[in-house]
Structures are given as structure tokens and as C-alpha cells.
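**Q** next input, structure requested:
(2 chains)
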Amino acid sequence: MQLIMMSEKQSLRKSEFPNCAREALHKVEQLCVPQASGRPPSAKEMDLAMEIMAEFIFCEVDRRGHSKKLTCIQQLQLAQLLCDYFAGVQFGGSGPLGAIAGPNGDTARNTIFLSLFPPTTSKGRAQALVQLVSMAISTKNKPVLDSTGIWMQQLGCTSKLVLQLAEGLVKDYFVLVPKAVTRLQDLPALAPHFTANFLTTVAETYASSEQKDGFSPPPAALLEVITQWVSDNPRLCLAALIVNLQPLLPLGSIPMAALTPFAGLFKWCVLSPLLTLSVSNKKSRDITNGSSNGITSTKNVKTEGMNNQDGECSGKESPLYSQLHLALLESLVENVYSSANRVNSVRDVVSVQHIAGIVEPVHTWYNTQLKISERKPPELSRAGHEALELALDRLGQAVQVALAANCAYGNKQYLLTQLDTLKNLPGSRLLRIVLKTHQTPSLF
Amino acid sequence: MNPTSSIMLGPDLMGELRAFINGATRNSRKGPLDIGLARVALSLLKTLPASREAVLEYFCFLFDEVVRHYIENFEIASQTGSKDHEVSLSAQEEAAIAEVHNVLCDFVSNSPEAWAPIISKWSLQLLGEISSRYASRAAHSGVLSESLQLWMSCRATRCLIDITTQCLSCLMNFDTESCINALLDTCVAHSPYFDWVVAHVGSCFPKTVMTRVLSCGLKDFCSNQQGPKAPKLNSVVQILGYLAGSHSTDMRRALLQLFQVLTSWSLEKNSISDPITTHQQYSTVPFLLQLASMSPTLLRSLSMDVLHTLTPKILSQLAEQSADWLAYYGGREAFQDLLVHLVLNCPSGGPTILALLLDCASPAIPKQMPSTPEEIVVQSNGQEFLELLLQELSLLLHRSDENILFLSSLRQELKTVFPLLLSPLRLRVQSALRLIGFMGLQSPSVFPNAIAYILTNAKTEDHLSVVAKLLENQASASGNFRKSNRTGLPLEHSNILQLGLEQALHKKDDGLSVRDLWKNLTTLLRWERSGKLNNHSQPVLKAIYASIGTACSALGSSVKPDVAHAVAETLVLALVQEPGEKRTSVTPPIIQDALRLAHSTVSYFFMCVEIDDITGFEGCQVACKLLSRLSLRSSAARSLALRTLLELALFHGPTHLFGANNLLNEEVFTAEESDIRLMDENLKQGLSWVLAQRHSSVFHAGVIGTGLRTLNKTNTTPTSLIQRNTQLFLDAVRSCCVSNAILDPSAMEPGMPTLSLDTVISVSLLLVELISPDVMYNGLPWPDEDMCKATVERDCYIRRKLEQGPILWELLWFIGLQRPALCYCSVILRAVTATLIAQWGSCSHHRDPSLLPTTVRLLSLLSLGQLLPSPLSSLRDVVPHIKPPEVVQVLRDCVWNYMRDHVPAPDLFSRDSHGNMWRDSTQEPPGPQYTETMRLIMLANIDSLGELFAQLFNS
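**A** Residues are numbered from 1 along each chain as shown, chains lettered A, B, ... in the order given. Below is the predicted model:
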């Protein structure tokens, strides 16, 4: 066995970079994908596959194990090569085209993909992944995107690697080259599973509890695209739940539970009015304090009307959040009313725990506002009052729809208890009604 | 292939991607540039985000290629010796670079937040690589401006720089930190070759770059805990040094800002601050010092603004951080050493440093005395540091001749150092003395300046003692450094003092300080006299002698009496030796000075005479002392003094003070004379006929046309005052006439004359010259009485002079005492006698009241001068008792005839054993032809003259 491994490597070493990577992929395919026998690869085979990947595909180490790096052009070349490989166009008749085609081929592809990018992926390889996926999006490479979607779900949409991937993609498409956004419009149609998981991750990125205010506004272009996606594809958010992963996964793998973007996106919608208000408040305070950056703040305020719709630094919340909120609610409702006719209607869409997570940032915001309030006794400004009312209304709507559609899972009582704490906040009329509907009357 | 079409289908994109990868990997650095490939790359950059880094890397190759090409051309051009260094690129290269430039700039300007960091990092790195790669080939010399010119003339690098600055200008607004960090990092990596980029970028945003470079440097400095060995420090210093050269104002502002952050932070240190900030703030001072120690330019900038914000109070606030500072430099001594050297190298701000140190070490105002423990620490440290600094200075000066910047800066601001000399605080005085000593080594003019300052401003003896110390200092200094003295002329003390004195005198200042100056000089001179100065070459005296000219002008023309008094006092002390004192070895003033001094002294004398109080009196005495001293020294001065004295007292000076009566009010004439026209004058005379040689319009009663002649103005000066003044005047004259004998009091015998006879004779001759209108007939002999008819006009003139100036009588009296000097005034006596005879003869009806006193005065004078022998000498007692005709008789027979027959000549007198001249009248008594008239008239008036007659003729 050892001998075989050595000779394998030796033969690979004879060729230069792009070719050796190509050949190495074949080797990895042979090693990882169970042949007709159905026997999963042995540990040694896996180790060899890993070494080959490191040395010949990603060229992370040289033959003596010292680390090295590809040039950027070579990295690009590798990404292109992987794209081609997964798309299966390049190998002609001789290659694994036959093996990969069909559901069986999907499995093989996913197997290789998952082994190329294991959960312990190094930083360099993670960047290669970002490059690969980014290129796949640009070139509409469905096989790669499908595999990526499954990879994301298997690793967990909130895992570090996946967050990195999402971050890289957002940077590529929404920050650096906004013109390339046009390529994303048919992404839900092309790769719904990937898109859904991407959405979940992105929603999590911008609304994770690690953020300072519980929410940081996403780039305008991203918000726009997401709103469009959700509005146009009501079932997009459910895509991850619909796909049955088991047949697509390598032998012996356990499919991971899918997470929908609902909770995260609802959090966006609920918290955005609050955040927009406090951002604009801070700015106006800076101006009145005459602090050092007063000039730039003034400029921002002046241009407020112009960049109103990006919702990032304007006093008014972007209308896109409204749209997004509506689209989300519709998606939920769609799920319910179409369930009679459709086979693949799903139930466990939203976790109550997840929704309950929205409550705490609202409280924090409220307390902060009271603290900075100049009135006695402290109370909200008019704008603050309006923002809070909007936020609580949205929260109430989301809860009501989720509960009514019966697509929330988990300890509902916990959610209601959490929501109960918001009852006494100003502007919580709708929320109180919702609570009244769902709370079982107390025994006492 | 259209690079601008942004929307492409997948396969197309894939094709482009393949084309790019093929092209980029095959790109074998040879052959012409493939502009098609460049366009593909650009299009990929716009449409395929994943290709970003690869494309940028490809652009690196592209730019490198272009620069290589450029450098090759450049080398060829310089080898062929073509003057024209314009090296052109191929059109393809130009186009490719232009397109890349455009696209990248578009990216940066469209979304600066996203693209600027990426592009700036890329371009900086590329620039760094390119400039260090080709540095050896292109830049022949390390001169910054040359390499700047070389690179800026290359299209590729220019374009890169342009992109960089554009990125930075975007970044400057929100992410300065990271972009400056990138700049610094690249600078560290490609150290000497990257300077031109920093220079260019820095001069695009001097303010921001400086501020940020400073703060990045500070962070680096304190974060690595390495202090002076921090990795980026060198580049920080280089960049700042370069920028400080061209943007010194911004540099100073940036430094000041950094420092103010520190001070304001330490002021409100109660506010919560995290340990990192604290650490950073604690490192600010060592950081700044380190910067300064590494670059003179920065030291200069630092010493301009930051220094001025330092006060002892701030220092004590900073004191608690000092423990942290020491950690950077490995101990207290090393830190002090660094500071000392920094201070010594400060090109400006020397005075500020000194003031600060002194304020710390010994506060001038008691309120600032240290109270808190920190302030006491600051004080003791300040003292220690000052001492260290001075020691180091002294060491340096002894070791080498080179210029010390700190001293030079102090020297430029000497006026800030001098006041320290007069400080009541010992430490200040001593420090200043030492500093002046040091500066004096390099420029000897410092000593005179300092001395001038002290002389002018000293108020107490303590202040003056500093002069003595200065002189000692200078003595030791010039002793040690005689060889290294730059002027090559060893400066003596007197020279220094003299130069100082001259400077002080030439300073146009108010009278008060001039007076103080002279008073100070007097004190000094007194010390020198008494040996307190411990200096045998008598510098003070020499200095005073040397500036006697100035003293004269102060003495003579001074408007302010107190100044003149002070000057006179000094001069007296300088010139007049106390009896028994050793003769000085100092060369006396030259003749011109003596003459000037004589003149000025006389002026001073008359000024004092006018002052009607004790100071005036004292002044007169001082003047007399001066005059006598001068007269002894130089006969020229003596005669000048005498002449001036007499002229002023009699005619041109304040004659009224000596009882002068202006018989003719000449001023009335002169005032109206101005606009008289001859025509009008002629008309005025009308028909009256004109006599030759005569003013027919002038009569005794006045002038026709001007009304009656005003009556004689009688002198209003009180008699007592006139007497005093006269006495003072005679004293002055007497002072001028002193004989050399008084210089040697031991050889003086009691009866010996103290006045020099020759001088008195010259006084009498002078008197004749001044009074007599003629040069003829001024001889000693008295002619026949008939001759008086010819000389009547002159006689009247002389008589009038005497009437006008009673002081003349006093002078004659004085002369008469010094026999036989009166002989030379024979013409005056003769004239008076002649007029008296005429007057007595015509006064039977109308008698002038002054006639008799004048006669008595004349007779007394004649007998005093021993011109009239024994019985005749008593005529003055006879005259009041006899009638006018008898007086005429007596005057004619007894006086005139006797005088005519016995010419009043000096040879009538003989010298006695004491050297006094004496006329022994018993040897040849006057014959009866002279005495008979007198005897008979006395007999005729025996009732009143009996007693006298018995005495005179009863022998």
C-alpha cells in the first residue's frame, strides 16, 4: 500500500502545475468515490487523497512538506480547472463523466467536493473556495453551486468557514464589483439550494448576536438583491428544507438539518428601523457637539436625501426592508396555503428560539435610548417612538404569521414569555393583541 | 474584443478566462506587449470578481515589463550620451498603461471604501518592488530629487503614483491608519529606494501623512517594547525628515498636536483610559525624543513649537511617566545623556530651554516654588540636568572647536541670557555666568555685551560684583584658550570692559540708565582703587580712559544734571589721585581727550553754577578738582580751560550769575534787525543830512524809530548768590592755576605758593586780551597823562567792561594777590585810572554814586599788587574823605605820575626764600614829588585824616 502511494506521488510529480492538479483530481476521485463495490474508502486511502490534494491540487506544500503558495494567476487557473472538472465538460469521454452524471454522479461530485474542502480547511484553501464559488457564480456553473450548497448545509450555515465564504462572496459581488450583480438575478433558479443556504448565512452574518447592536446594515446592493430574490421566489427560503440530502451525500454521511433564513431576515426587518434611528441620532449629536468630524457628518446629513434608499446612513429606513418583510411573510403564508396541494410542504420552518433572539436587542436599544434621552422622566423622542412601534409591529406580524401558519417549532411558550417582556414598551399594541391570541389563559 | 461590454454570457466569460490564463501563464517576458491580453484582463476584472487578484498580479508583470523597457532605453540613451533623456515607450505600452490607469481609477472613484485599500496596497507594493529592482540600474546617485525625476518621467511609475495618491486621497478620509501603515511597511521593506514614493505621496498630503506617520510610528514604537530599535522607526524618521524639510509648518503642527494630545490626556488622567492608550501616551515623550535624536530636521521642528508649550507645571504632570521613559533608554544616565545631547544640538529654542530649566531648577517667582512632591522632583532633576548640561558643554568646548548649536542659538538671543545675570537667585547668576563664559570662547564679543548689559542695568552692588566675576571668568577663559582664540588677538580685561563700556554708552537710552551706568562705573572704580577687584592691571581705569570722549560729551552737553554729576564723579575718581597714592601705570588720556575734557569740565562747571543748591556746589567742587588735575597734566588743557572759563564767565556764559549788568540791551537790536531793509532805513532819515561815519539816527536816548532806549536792566541775581558764584568761579580759576608742587605734598613747605605764577600771569594776559579792544598800546608802561586824550575811547571801553562785569574786579584782585602778575594788567589799570581822573574832574555837579567805590577799589588793587609803594598804598583810605578836585589831584600826581615814572614791571619784584615774589618798597621809597601832593591834601583834611597822617608821615 505504502509503495503504491509512493509511486502515485512520483508519477504525479513528473508533471507541472496545471497538469498535475488535473491528474491529481482523477486520483482523488478514484480514492474517495466508492466504486461499484460500495465499500467506503479506507482511512489510508483518505489520507493519501488528502496528501495528494495538499501537494498537487492546492500546492500548499512541496514534496518535503514545506509550505508554499501558488501565485494569484495560478490560483485563478486552479479555480478554473476545478470549475471545469466539476462541470464535467473537460474530460471528454474517458473521464468520470459517466460516473458523475446522474444522481450517482452528483453523489460522487459532492464526495469529492466535501473532501477537497473539509471542515478543517486551512485559510489558503478557504480562499480558493471563495474564488471557486465566485467564479462558479459568474460562469453559472450549476454543479459547483449545488455541491457548495450541500457543503454549506453539511458544515452548518453558521459555521466559521461558511461565514467566510459568504463574506468573500458578498465582498466580490456587492462591494467590489457591483456591476456583476446582474449575474446573480437568476441564481435562485439556477441553484436554489445554494441560494437558500447563502441567504441564511448572510442573514446570520449581519444579524448575529456578536454584532454591536444585534444588527449591522448590509450593503445596499445585497439588500436589494435579497429582497428581489425573496419577492420573486416565494419558496426560495424553504429550498433547503425541501431537498433531500441523503442520496446526494457520500456513503455513510448523515444529512444535517437545514436552517432557513427567515429568522435572520426577520431580525433585519425588525431591528433596521431602530438602528437607522440611532445612527442618525448619533450623527445629529455629533453635529451639535461640534466634534472633530462635524464637517463630514454635516455632509452626510446633507446627502441624506440622495442615498436614502441604501438605508445605511439615512435618518429614514430604506423601503426595501418593508418589501423584504412583506416577501418573507408571504413566503410563510405561501407555505401554508399551498401545502394542501403540494407534496413538499414543510412544517419546521422557523425556530421559536431563533425568533426570540430578536427580543433582547430591542430591549437593549430601548434602554440606551432612555439613557441618552434628555427629558425628565426619560422617554423616547417622537422619531424613536415611531421606530419602536414599527419594529414591534413587524415583530408581531412575523410571530403571528409564523404561529398561524404553524411553521414554527420549538418551545412556543418560551417565545411568548420572551415577547411578554416587550408588552409594556410604548407602541406595542399589535404585539399585545398577538400575545393575547396565543397565550393560554393562566390557571390562576 | 470589446472590453467595455460588461454583460456577457457564461461561455464567453469562460472563454475570456481561458484566454487570460493561457496568456498570463505563457507570458514569457519577451516579445512585445500584448495589449489584447491586457484588455481581456481588464474586462475580467470588471466582470469576474474571482479573477481580481490574478489580474492585478498580471498587471504587476505588465508594469514591470514596461519599466524594464523604459530603463533599458534610458540606459542606452545615457550611454550614447544623448542629452535628451526623454525615453519614449511604444504606443502599445502607452495605451495599455493608460487603459489600466483609467479602469483602476474608475474602480477607486466609484467605490473607494472597497477598492482603495486593495489598489493602494497593490500599487505601493508594486512601486516598492519596481524601485528597488531597478534602483541599481537607474538611479546613479542616491539623490532623492534625481530619482524622483527619473521615476516621474516614466509613464508606468507615474501612472502608479497617480493611482496611489488617488487611493490614498480616498482613504485619507476614513482609513488613514491602515494606508499609512501600508506606506510605512513598504518603506521598511524597500528602504532607501522607496523614498521617492513617500516623498511624492507625502507632499501630496503633508498634513495627514505627517500626523498619521507620527501616530503609526508611536504605535510601533511602544507596541514592540523595543523603543529605539523599533522596526519602522528608521523609515518614520526618514519620511518625517524629508517632509519636515519641505513642509516645516505642517511638521511642527503635527508634532505639537501629538504633544498636546499627551498633555491634555495627562491633565484629565482621571478619566478612564485603557492600558494601551496609557502605554502609548507614556511612550510619546521618548518617541519624540528618539525622533529628534535621529534627525536634526525633526529636532529643529520639535524645538520650535513643542518646546514653547513646556512649563514646569507640565513637566511635573509628566513626571509620573518618567519611569516608563527610562525603560526605553536603559536607565537614567542614558536618558539624561540623550537629553543633554539633544539640547546641545538644538538649532533654535536655546533660550527657551534655558528658561525652562531655570524655571524648574530655581523658580523666579516665589509662588512657583515647588510644593507637591512631583514638583520637588522636577526641581531637583532640573538642577541636576542643568549641571550636567553645563559640564557637558564645558567638556565639549575644551575638546574641540566645533560649533555647538545650542550655544549659537543662545548667542542669537543674548538678551534673554543677560537678565539672568542680575537675578537675585544664585543659581541663575552662576549658570548665566558659565554660559557666557562658554559663549565667550566662541565669540569674544559676548563678554563686552554682557558687561554693557550689567553696567547699564545693575542696581545693586551684588549686580556689579557679577562684572568682577565675568572678568575673572574671561581671564581664565582667555588664559586657557589663547591659542584657539579665533580672532587671534588676546583680549585684555580692560579691552573687554572698555568694549562693554563703549557699547553701554552708545546705547541710546534714557538718562536714568545712563546715570546708573556712570554710578556703577564709579563703584567699580572705587573697588578697583581699594584693591577689591584683585586685579592689578586696573581694567576699569583703562576702560574709563578709553571712553573719555563719550564721557566728555555726556559731561558737557548733558541736559540732565544728574547724569553729568555721575559722569563727573566717575571722572574725578578716575583722574584725581588722592595724595599719597601710587601713580598708576595706566597711560593717561591723550591730548585731544584732555582738551575735550577741559572744555566739557568748564561747561559742567557753569552748569553747576546755575544750580542753586548743594548739588550744584558739590558739582562745582568736583569740576574744580577735575580742572586742577587736568591743568597739572597738560598745559594745553590748562590754557584752554582758563580761556573758556573766562570767556564764558565774562561774555558768553551766564554772566548775570556773576553780577553782570547789561548796559546795552543788544538783544532788542538784533531782534528787529532781521527784516530791516536799506530802502526803509534811508527813507527814515528823511531830509536830515548825513554826516560821514556817523549814525545820525542813533542818539544816547535811543534810536529814532525804535523809541526810547530801554533802561539798563539791573541784575536781579541776589547778592549772596553772586558772591557765592564769584567765589566758585575764582576757585575754578585757582584750580586751573595750581602748581605742580601740590602733587608732592611731602616736599611742600608751609609758605610755598600753591599756584603757578606763570599761569596766573597767563590769566592776566588773557584778561588783557579779552578786555582790551586793541592789540596796540597794551604794554606795561604808563604814558604821559596827555596821551590819555588819544586813548580815551579805549579807556572808556575797558572801563565799561569792568562796570559791566564786576567779576573782573574779583579776577584782578585774584591776580593782584599773585604778585607780580598784576603788572601785566597794566593797561586795564591805566585805563581805569584815566577814566577816573576824567570823571572826578567833571563831577563837581553831578556825581556818579559808583565813582568813589570804583576809585577805592582801584587804589586797593594797586596797593595789593604792590604797584604803589608805602604811603601811596594808603590812598584808598584817603580818597573817601577828600573833595573831588583833590581826588583828581591825588590821582594825577600820586598815582599816574608815579606809575608813569616807575613802570610796573615784574623785575621790580624779587623772589624770597619760599619762592614768593615780593617788592621791597623800603628799598626805594617814592620821591617827594609823588607824596607831597598827598601829604598836603591830607593836611588840608587833617580833621578826618589825622590818625592816618600820623601813621604815614610821622616818621
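**Q** what sits against the residue nearest the centre of chain A?
**A** With distances taken as Cα atoms, centre = their mean, residue A:201 lies nearest the centre of chain A, 1.9 Å away. Listed by Cβ atoms under 8 Å, 6 or more residues apart in numbering or on different chains, the contact set of residue A:201 reads A:152, A:157-158, A:162-163, A:165-166. Glycine gets a C-beta too; all of them are placed from N, C-alpha and C.
**Q** before we move on, what about residue B:341?
**A** B:293, B:392.
**Q** and if you look at residue B:233?
**A** Residue B:233 touches B:217, B:220-221, B:290, B:294, counting by Cβ under 8 Å, 6+ apart.
**Q** which one of these is nearest residue B:24?
**A** Closest approach between the contacts of residue B:233 and residue B:24, by Cβ to Cβ: residue B:220, at 36.8 Å.
**Q** any idea how far residue B:181 is from the closest one?
**A** Distance of residue B:220 to residue B:181, given as Cβ to Cβ, to the nearest Å: 9 Å.
**Q** higher neighbour count, these two?
**A** Between residue B:220 and residue B:181, counting by other Cβ atoms under 10 Å in any protein chain shown, residue B:220 is the more crowded of the two (20 against 17).
**Q** ranges for the strands of chain A?
**A** Assigned by DSSP state E, chain A shows strands spanning A:350-351, A:408-409.
**Q** cool, chain B as well?
**A** B:698-699, B:702-703, B:707-708, B:910-911, B:917-918.
**Q** low-confidence ranges, the stretch 151-300 of chain B, go.
**A** B:172-176, B:191-192, B:224-232, B:266-276 (pLDDT under 70).
**Q** I misspoke; the intended subject was the stretch 301-444 of chain A.
**A** Looking at the stretch 301-444 of chain A by pLDDT under 70, you get A:301-317, A:336-347, A:375, A:440-444.
**Q** the stretch 101-250 of chain A too?
**A** Using pLDDT under 70, the stretch 101-250 of chain A drops low at A:101-104, A:180, A:208-214.
**Q** get me the contact residues on it for chain B.
**A** A:130-132, A:134-135, A:138-140, A:171-173, A:175-180, A:182 (Cβ under 8 Å from any Cβ of the partner chain).
**Q** quick revisit: redo the strands of chain A as a markdown table? Include mean neighbour count and distance to residue A:67.
**A** As requested, the strands of chain A are exported to a markdown table (neighbours: other Cβ atoms under 10 Å in any protein chain shown; distance: least, Cβ to Cβ, whole Å):
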| stretch | mean neighbour count | distance to residue A:67 |
| --- | --- | --- |
| strand A:350-351 | 22 | 41 |
| strand A:408-409 | 20 | 46 |
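**Q** output the lowest mean pLDDT helix or strand found in chain B.
**A** helix B:666-673 (a mean of 48; mean pLDDT, DSSP states H and E).
**Q** residue 331: neighbouring residues, count only.
**A** Using chain A. Residue A:331: 25 surrounding residues under other Cβ under 10 Å.
**Q** actually it's chain B I care about, not the one you picked
**A** 10.
**Q** now it: phi and psi?
**A** Dihedral pair for residue B:331: phi 110, psi 170, per degrees, to the nearest 10.
**Q** give the contact list for it.
**A** Per Cβ under 8 Å, 6+ apart, neighbours of residue B:331: none.
**Q** now residue B:810, nearest residue through space, not along the chain?
**A** Closest residue to residue B:810 apart from its sequence neighbours, by Cβ to Cβ, 6 or more residues apart in numbering or on different chains: residue B:726 at 5.2 Å.
**Q** does the one you found really touch residue B:807, like I thought?
**A** Yes. Assessed by Cβ atoms under 8 Å, residue B:726 is found in contact with residue B:807 at 5.6 Å.
**Q** give me the common contacts of these two.
**A** B:658-659.
**Q** show me the contacts of residue B:233 that map onto helices.
**A** With DSSP state H as the criterion, helices contain B:217, B:220-221, B:290, B:294 from among those.
**Q** determine which two of the residues you listed are furthest apart.
**A** Going by Cβ to Cβ, the pair spanning those furthest: B:220 and B:294, at 13.9 Å.
**Q** just the buried ones from the residues of the stretch 101-250 of chain A next to chain B?
**A** Taking 16 or more other Cβ atoms under 10 Å in any protein chain shown as the criterion, what is buried in those is A:130-132, A:134-135, A:138-140, A:171-173, A:175-178, A:180.
**Q** ok, the residue of the stretch 401-550 of chain B found nearest chain A - contacts?
**A** Of all residues in the stretch 401-550 of chain B, residue B:409 sits closest to chain A, at 35.2 Å by Cβ to the nearest Cβ. Contact analysis of residue B:409 by Cβ under 8 Å, 6+ apart lists B:346-351.
**Q** what do you get for residue A:15?
**A** residue A:23.
**Q** any idea how far it lies from chain B?
**A** For residue A:15, the distance to chain B (Cβ to the nearest Cβ, to the nearest Å) stands at 14 Å.
**Q** which pLDDT value goes with that residue?
**A** Looking at residue A:15, its pLDDT reads 74.
**Q** next, it: phi, psi?
**A** The phi/psi pair for residue A:15 (degrees, to the nearest 10) is phi -100, psi 160.
**Q** quick check: residues of chain B near chain A?
**A** Selection of chain B residues close to chain A by Cβ under 8 Å from any Cβ yields B:6-7, B:10, B:13-14, B:17-18, B:20-21, B:24-25, B:46-54, B:56-58, B:107, B:111, B:113-115, B:118, B:173.
**Q** can you say which of the residues you listed are buried?
**A** Among these, those scoring as buried are B:13-14, B:17, B:20-21, B:24-25, B:46-54, B:56-58, B:107, B:111, B:114-115, B:118 (criterion: 16+ other Cβ under 10 Å).
**Q** nearest residue to residue 222 in space, please, no chain neighbours.
**A** Went with chain A since none was named. Closest to residue A:222 by Cβ to Cβ, 6+ apart is residue A:174, at 4.4 Å.
**Q** actually chain B
**A** That would be residue B:283: by Cβ to Cβ, 6+ apart, it lies 3.6 Å from residue B:222.
**Q** residue B:542 and residue B:630: what is the separation?
**A** Distance, residue B:542 to residue B:630, by Cβ to Cβ: 19 Å.
**Q** go on, residue A:439?
**A** 126 Å.
**Q** residue B:636 now?
**A** The value you get for residue B:636 to residue B:630, if Cβ to Cβ is used, is 10 Å.
**Q** again with residue B:531
**A** Taking Cβ to Cβ, one finds residue B:531 at 26 Å from residue B:630.
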